[in-house]
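S.K.: After the sequence you'll find the predicted model.
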Amino acid sequence: ENISLLFESFYLDNPTFFFIDRTYSLAGKQINDKSVYDTLILQYTMNAEQRPTATQKLNCAVQDLLDGCPKGTDDYEKELYLHNQLLATCIYDQQATESSVRFPNAYSAYGALVEGKAVCEGYAKAMQLLLNTAKIDATVVRGYSADQQTAHMWNLVNINDNYYYLDPTWNDSEPHHHYSYFNISYDWLKRSHILDTTMT
């Protein structure tokens, strides 16, 4: 259980390791009558030759967006700019919702920022990566939509020493973007989102 929790925490909080697959296995040994698991076996969505090039593409995409960020602005203005740039860069990949195995990049910051297609996990990880690179604390939050009970991910951000929830996926509606889920309180969030408390 501890190894699984460690992996889940690492997986959600490190968007630069986009080439690690969400599935993994454990190995260990028998000590007396007890099974002891002490090895985490990772799986990858890209091979060792593909990863450096893909990482460079992601770093360049992030830097390009940050280079356009207005200078001398506070955290809120930076967040707003990066949020708008993400939504201009990425579209929701409905096809990828059918299978994370067939469309692994859509669940990552790489899919959102380099390929321009992602599901909610990719949006949230891209937002996290952009904000963290801009020196703004942000993490990914896992949960469910309150109406359909479907799995969903969004962000918790620290803007000017205050914490807010941000859901870039649900703000990305065609034909126009909106801000219904931009820097909202928990009281407002819980009307439409349910937090996954297993990670707290």
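M.R.: Happy to help now that I have it.

S.K.: And stretch 7-21, end to end?
M.R.: This stretch, stretch 7-21, spans 11 Å end to end (C-alpha to C-alpha, to the nearest Å).

S.K.: Give me the distance between that stretch and the centre of its chain.
M.R.: Using C-alpha atoms, centre = their mean, to the nearest Å, the distance from the centre of stretch 7-21 to the centre of the chain it belongs to is 9 Å.

S.K.: Next, the buried residues of it.
M.R.: Phe7, Tyr11, Leu12, Pro15, Thr16, Phe18, Phe19, Ile20 (16 or more other C-beta atoms under 10 Å). All C-beta atoms are positioned from the backbone trio N, CA, C, and that covers glycine.

S.K.: contacting residues around that stretch?
M.R.: For stretch 7-21, contacts defined as C-beta atoms under 8 Å, 6 or more residues apart in numbering pick out 22, 24, 40, 42-46, 50-51, 54-55, 58, 104-105, 108-111, 125-126, 128-129, 132, 139-140, 142, 199.

S.K.: give me that answer again for 7 Å
M.R.: 22, 24, 40, 42-46, 51, 54, 58, 104, 108-110, 125, 128-129, 139-140, 142, 199 (C-beta atoms under 7 Å, 6 or more residues apart in numbering).

S.K.: again, but for stretch 58-78
M.R.: Under the contact criterion C-beta under 7 Å, 6+ apart, stretch 58-78 has outside partners 18, 81-82, 85, 109-110, 113-114, 129-130, 133-134, 136, 159-160.
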